[in-house]
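Q: Let's see this in three dimensions:
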Amino acid sequence: MSHFSDALAALAALTVDGVLDNFAIERAPGQPDRAQLPALIVTPAEREDRHFPARGEGLHTPAFSQAGATYTASITHLLLIAPQGSSLGARSHWPALAALIDAYFEALNGDPLLDGALVQPPQVVVDSGVVTYGGIRYVGAAFRHLWTLAI
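A: Numbers count the residues shown, from 1 in each chain. Have a look, this model is predicted:
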């Protein structure tokens, strides 16, 4: 049986080439130090600056199925590369952003069920460019996951 907390832990443990730190929810910083960037931060809570309006389907029991009940959950995994106003400017970080997005999906493709915590591979949409976290705008991306978990 999969658990939401297991999936969150597996996402935080995802090793992405080029990322210096991957913060789980219990150690998410208010503002990461520049020495920790690029960083990934798991943010499961509903956010006011939500990038995608999609919501989970809630409890779902398939008709005529031997499978158990499932539910969906939306998770945001933020990639922060550098503060937007850093000395070199945002455009200088675009090649790194593209490379890190590719590396992220390669890593996720290597473990699509997040160590068995998910019932099926997640649907993931990426919004890249400028991401606000802790009141600071960063060059980065928001990976919006839609998970299916068993009860």
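Q: Report the secondary structure element holding the closest residue in space to residue 122 that isn't next to it in sequence.
A: Using C-beta to C-beta, 6 or more residues apart in numbering and skipping the chain neighbours, the partner closest in space to residue 122 is residue 145 (4.6 Å). Yep, even glycine has a C-beta here, placed from its N, CA and C like the rest. Under the criterion of DSSP states H and E, residue 145 resides in strand 136-150.
Q: So for that strand, mean pLDDT?
A: When pLDDT is averaged over strand 136-150, the result is 94.
Q: what about the helices in this structure?
A: Secondary structure of the chain (DSSP state H): helices at 4-12, 94-110.
Q: Which residues does the first one contact?
A: Read it as helix 4-12. Here helix 4-12 makes contact (C-beta atoms under 8 Å, 6 or more residues apart in numbering) with 22-25, 40, 42, 44, 73, 75, 77, 111, 114-115, 117-118, 145, 147, 149.
Q: okay, the residue nearest to residue 22 when sequence neighbours are not counted: pLDDT?
A: Excluding its sequence neighbours, the residue lying closest to residue 22 (C-beta to C-beta, 6+ apart) is residue 40, at 4.5 Å. pLDDT for residue 40: 98.
Q: Run a quick neighbour tally on residue 40.
A: When neighbours are defined as other C-beta atoms under 10 Å, residue 40 has 24 of them.
Q: quick one: it from residue 28, how far?
A: Distance, residue 40 to residue 28, using C-beta to C-beta, to the nearest Å: 10 Å.
Q: For this structure, name the helix or strand with the lowest mean pLDDT.
A: strand 59-60 (a mean of 45; mean pLDDT, DSSP states H and E).
Q: Residue 139 bridge partners, please.
A: Judged by DSSP bridges, the bridge partners of residue 139 are residue 82, residue 130.
Q: Might one say that it is in contact with residue 95?
A: No - the criterion here is C-beta atoms under 8 Å, and residue 139 misses it with residue 95 at 11.0 Å.
Q: That concludes my questions; thank you for your assistance.
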